[in-house]
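Visitor: Got a sequence here, can you model it:
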Amino acid sequence: MKKNYVILLLLIGNYWYANAQTDVELSQFQMSNITSPAFQLLEETVTDVYTPENVKALALHVQNNFGESLAIEVAPYFFINTKSKSRTYYKYIGVTKENDVLKQNPFSGLNTTTLSFAYLKKDFKNIVGDNDRKTFSIGIRTTLLRFFDKEQIYNNAEKIADELLKLPSPPMQILTMEEGPKKEEAFKKFYLEQQKIEERFKPFQKTIKPIFKLDAALAYSNLFKENSTDSGTVSRFGSWLTGEFNLILNEDDEKSTTNNYMSVLAIARYIEDGFNMEVADTYTTSYYRDFGGKVNFEFGKFTFGYEYVKRNGSISSERSVGNISFALDKNISLTGGFGKDFQVTDNLLALFGINWGLNLGNTSASVAK
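Guide: Purely as a prediction, here's the structure:
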């Protein structure tokens, strides 16, 4: 009897692992792309230093004046070759196990490549009269390198096995049932419904961030000089690298359902800015080199950060901004930023944003190795 119980316990463990872990919906991970390169180039963003950990198939970013600032970000990975059996979650993050040896693909972050498109009414406050100009921007972002703690990702399997051994024995009417599908179904119902096995394993379903990652981004924007298609355009171009180190703060807290992190980020950026207008309809081009950093703290649904970026070039200035983000759920987050922006005058930055993540295409990836 005990032998049959152990076997069936392993069956229910395998069943849970297969259904709750093997078919992982990437939509279950918290959305973290709270802005886009297309928005960043226009320099009216809540944060200027960030790297998203969990991208959505489609993300929508709105800031301050709804309808006057909008960005769409698309992750092609979720729309290409969606029926491939090799699209596993472990391969998605680049950590696999072969012959009991853990391996890591540092270039797996290319799966997170996104394309972004933005529209913004840029306000030239020092110009009398109609000082709004319509700007359109496109951008691309990808992760060049990322490294996870391989052991941390795979040790959850051992913890799950330990939890399975703690589960109580089913009642005798189930144990004495004739072997077959009905008995197996009774076991599943007992553990999934009565023992709430899903709740027991939530602590092992935490999002794990890479120890280090390096992102690269490019963006290009056009501005119509007189808000007319035949008035001619001026452009802005930017390219930048952003590095991020993540340190988990509650690694030994097995009861917590989230991992809390401290992140340190650094950015290096080059910009050719043709949007400078000191007198009406007269534009000049400036060249900037930006260097800066950010400290970020993530506690469950709340994220707090402070960033400082120093600008050198045609104009020397700085950006000093504090920001906060709150996740309403897995797909919607609210963001806010307050501080000093790059502009020499009228440089008070106070922005509010809403970010929606949509799960289209194939958003699930098996955890199978």
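Visitor: tell me what whichever helix or strand Lys122 is part of is packed against?
Guide: Per DSSP states H and E, Lys122 falls inside strand 114-123. Where contact means 3 or more Cβ pairs under 8 Å, 6 or more residues apart in numbering; DSSP states H and E, strand 114-123 is packed against helix 37-41, strand 69-74, strand 132-147, strand 212-224. (Each C-beta comes from the backbone N, C-alpha and C, glycine too.)
Visitor: got a list of contacts for that strand?
Guide: For strand 114-123, the external contacting residues (Cβ atoms under 8 Å, 6 or more residues apart in numbering) are 33, 36-39, 42, 44, 55, 59, 61, 65, 68-76, 131-142, 219, 221, 223, 275.
Visitor: re earlier: quick one, which of the helices and strands packed on strand 114-123 gets closest to Ser325.
Guide: Minimum separation from Ser325 across the helices and strands packed on strand 114-123 (Cβ to Cβ) falls at helix 37-41, 14.8 Å.
Visitor: Need the CA coordinates for the closest one. PDB is fine.
Guide: Provided in PDB are the C-alpha atoms of helix 37-41 (Å, rounded to 0.1, in the frame of the first residue of the first chain):
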ATOM      1  CA  PRO A  37      13.900  53.300 -27.100                       C
ATOM      2  CA  ALA A  38      11.600  55.300 -29.400                       C
ATOM      3  CA  PHE A  39      10.400  57.200 -26.300                       C
ATOM      4  CA  GLN A  40      13.900  57.500 -24.700                       C
ATOM      5  CA  LEU A  41      15.300  59.200 -27.800                       C
END
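Visitor: quick one: average confidence on that helix?
Guide: Across helix 37-41, the average pLDDT comes to 90.
Visitor: Now do whatever helix or strand comes next after it: distance to the chain's middle.
Guide: Note on helix 37-41: by DSSP H and E, the next helix or strand toward the C-terminus is strand 58-63. Distance of strand 58-63 from its chain centroid, counting by Cα atoms, centre = their mean, to the nearest Å, is 13 Å.
Visitor: tell me the mean pLDDT for strand 58-63?
Guide: Across strand 58-63, pLDDT averages out at 85.
Visitor: Equivalent analysis for stretch 123-141, please.
Guide: Per-region confidence: stretch 123-141 scores 73 on mean pLDDT.
Visitor: show me what contacts Thr45?
Guide: Thr45 makes contact with Thr35, Phe39, Gln63, Gly337, Leu351, Gly353, according to Cβ under 8 Å, 6+ apart.
Visitor: relative orientation of the helix or strand hosting the last one and strand 69-74 in degrees?
Guide: Looking back up the chat, that one is Gly353. Per DSSP H and E, Gly353 falls inside strand 348-358. Relative orientation of strand 348-358 and strand 69-74, computed by axes from the mean of the first three to the mean of the last three Cα atoms, to 10 degrees: 40 degrees.
Visitor: roughly how far out does the helix or strand containing Glu298 sit from the chain middle?
Guide: Using DSSP H and E, Glu298 maps to strand 282-299. Between the centre of strand 282-299 and the centre of its chain there are 20 Å (Cα atoms, centre = their mean).
Visitor: and it, which strands flank it?
Guide: strand 261-279 (antiparallel), strand 302-313 (antiparallel) (DSSP bridges).
Visitor: Using PDB, write out the CA atom coordinates for stretch 43-56.
Guide: Extracted in PDB, the C-alpha atoms of stretch 43-56 (Å, rounded to 0.1, in the frame of the first residue of the first chain):
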ATOM      1  CA  GLU A  43      13.800  62.500 -23.900                       C
ATOM      2  CA  GLU A  44      10.500  62.800 -22.200                       C
ATOM      3  CA  THR A  45      10.400  59.600 -20.200                       C
ATOM      4  CA  VAL A  46       9.900  58.600 -16.600                       C
ATOM      5  CA  THR A  47      13.200  56.800 -16.700                       C
ATOM      6  CA  ASP A  48      16.200  57.200 -19.000                       C
ATOM      7  CA  VAL A  49      18.300  54.300 -17.600                       C
ATOM      8  CA  TYR A  50      16.600  50.900 -17.700                       C
ATOM      9  CA  THR A  51      16.700  47.300 -19.100                       C
ATOM     10  CA  PRO A  52      13.500  45.200 -19.200                       C
ATOM     11  CA  GLU A  53      13.700  41.700 -17.800                       C
ATOM     12  CA  ASN A  54      10.400  40.300 -19.100                       C
ATOM     13  CA  VAL A  55       9.200  41.600 -22.300                       C
ATOM     14  CA  LYS A  56       5.600  41.200 -23.600                       C
END
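Visitor: Centre of the chain to that stretch, how far?
Guide: Distance of stretch 43-56 from its chain centroid, counting by Cα atoms, centre = their mean, is 8 Å.
Visitor: nearest to Lys301, of the contacts of Thr45?
Guide: If you rank those by distance to Lys301 using Cβ to Cβ, Gly353 comes first, at 15.9 Å.
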